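# Let's see this in three dimensions:
(one chain, ligands or ions: 1)
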Amino acid sequence: MAASSRAEAASHSSHDGESYDRYELAYDVLDGLTRPFKELSSRFLYDKRGAELFDRILGLPEYYQGRAEMEILRQQGTLIMSFAEPDELVDVGAGSGVKTKTLLEAAGRTSGLRYFPVDKSLAMLRQCIQQMERDLPDLAVAPVQADFDSFDGSVPAPTRETKRLVTMFGGTLGNLLPGSRLRFWRKLAALAGPRGTLLLGVDLLNEDPQVTEAAYDDAAGVTSAFNKNLLQVINDRLEADFDVAAFDHLVIFDDANGWIEMRLRARHRCRVQIGLLDRSVQFEPGEEIRTEVSAKYSQQDFEREASWAGMQVRKWLTDSASQFALPLLTAGR
Ligand SMILES: C[S@@+](CC[C@H](N)C(=O)[O-])C[C@H]1O[C@@H](n2cnc3c(N)ncnc32)[C@H](O)[C@@H]1O
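Here you go, the predicted model:
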């Protein structure tokens with residue numbers, strides 16, 4: 001098939017229920033795999049299988065983040081909702097919506113509330129809609145399938161009167177690289193509007209990096225399967241031929257940057273063909289691909305980052321072991 005007609009045919013096709021443009025993924029993959037240190041974007045980790053694996057990760061004994069965040073939401077749900085008094089809730093990177101559901105159940109508040117779950121993954125959004133219809137039938141749900149880069153037009157801009165709570169759970173903000181993160185802070189502040197509140201999931205720096213590393217390298221191998229699934233997504237969507245079994249899951253704590261990295265390491269030399277782009281990429285033995293960063297914060301570092309966007313932490317809520325925080329922020333210095 002000629003390149004142009006092929007591009008047209010592929011651009012609107014869907015796989016596994018995901019409806020985004022395959023070329024968007026293809027160009028990202030090509031950029032990432034031709035860098036001096038190879039990299040793939042974590043935003044494509046959540047296809048149907050990725051979504052199922054992430055659900056399992058939330059229940060893993062090593063993944064303290066999920067439990068800690070739920071503990072705060074259960075215990076502080078009423079306080080959070082009385083502080084924000086929202087009539088709209090925008091959940092950025094909503095996933096299955098389980099954290100929001102826990103918050104609303106803890107506070108006993110759904111009526112009169114408009115809920116906008118925003119996520120790139122259709123698989124995740126479907127789980128979210130089903131869960132809310134089943135467990136919180138009074139909630140008005142307006143799902144938005146969009147990338148963090150492009151959801152601006154899909155969620156209505158806040159007016160002077162809007163009281164909006166913007167949530168970003170699961171430490172997802174920490175998955176952005178530092179410059180993108182600072183840019184995104186400004187977007188979050190604009191999304192909340194002048195009378196809005198931000199509630200952000202923050203994974204705290206642990207004195208023992210091994211605890212953090214174990215959270216991304218569990219004994220049952222679920223996170224390893226989640227990470228390797230990214231290669232399968234590329235195989236399925238881009239007609240690529242990664243031998244997934246020829247890559248090992250790797251977790252590294254980068255002290256200088258204060259983040260965890262997930263990587264995939266090639267066991268031996270191989271050449272991977274990306275059929276959709278008619279290109280191939282070479283891997284040397286032991287060569288690594290970075291697939292996710294996940295920043296870990298001190299309270300001071302987090303507050304400094306927030307101040308770049310003119311946001312101030314009003315309440316710093318943590319779990320009983322002080323491993324995770326859910327700060328409430330509003331505009332102002
Ligand atoms: C770590 S999960 C958190 C899910 C949920 N908030 C929770 O805490 O359980 C990150 C979520 O953000 C979504 N996501 C990641 N990158 C994205 C992007 N660039 N644009 C839109 N959604 C994205 C993923 O599909 C996934 O559902």
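
# could you pull out the helices for the stretch 101-250 of the chain?
Applying DSSP state H, counting those that start in this stretch to the stretch 101-250 of the chain gives helices spanning 122-135, 178-192, 209-215, 222-238.

# Poorly predicted segments of the chain, please.
1-20, 333 (pLDDT under 70).

# hang on, the earlier thing: for the helices of the stretch 101-250 of the chain, which one sits closest to the ligand?
When these are compared by C-beta to the nearest ligand atom, helix 122-135 sits nearest the ligand, at 4.0 Å. C-betas here are computed from N, CA, C, even on glycine.

# what packs against the closest one?
Contacts defined by 3 or more C-beta pairs under 8 Å, 6 or more residues apart in numbering; DSSP states H and E place helix 122-135 against helix 48-58, helix 98-107, strand 114-119, strand 140-141.

# cutoff 6 Å now
Applying 3 or more C-beta pairs under 6 Å, 6 or more residues apart in numbering; DSSP states H and E, we find helix 122-135 packed against helix 48-58.

# So what touches the helix it packs on?
For helix 48-58, contacts defined as C-beta atoms under 6 Å, 6 or more residues apart in numbering pick out 16, 63, 66, 123-124, 222-223, 225-226, 229.

# list the buried ones in it?
Using 16 or more other C-beta atoms under 10 Å as the burial criterion, the residues of helix 48-58 that qualify are 48-55, 57-58.

# Residue 218 is in contact with residue 60, correct?
Yes: Residue 60 is within contact range of residue 218, at 4.8 Å (criterion: C-beta atoms under 6 Å).

# From residue 201, how far out is the residue nearest to residue 140 when sequence neighbours are not counted?
Leaving aside its sequence neighbours, residue 140 sits nearest to residue 114 (C-beta to C-beta, 6 or more residues apart in numbering; 5.0 Å). Residue 114 is 22 Å from residue 201, where distance means C-beta to C-beta, to the nearest Å.

# which one of these two has more residues nearby?
Per other C-beta atoms under 10 Å, whichever of residue 114 and residue 201 has more neighbours is residue 201, with 24 against 16.
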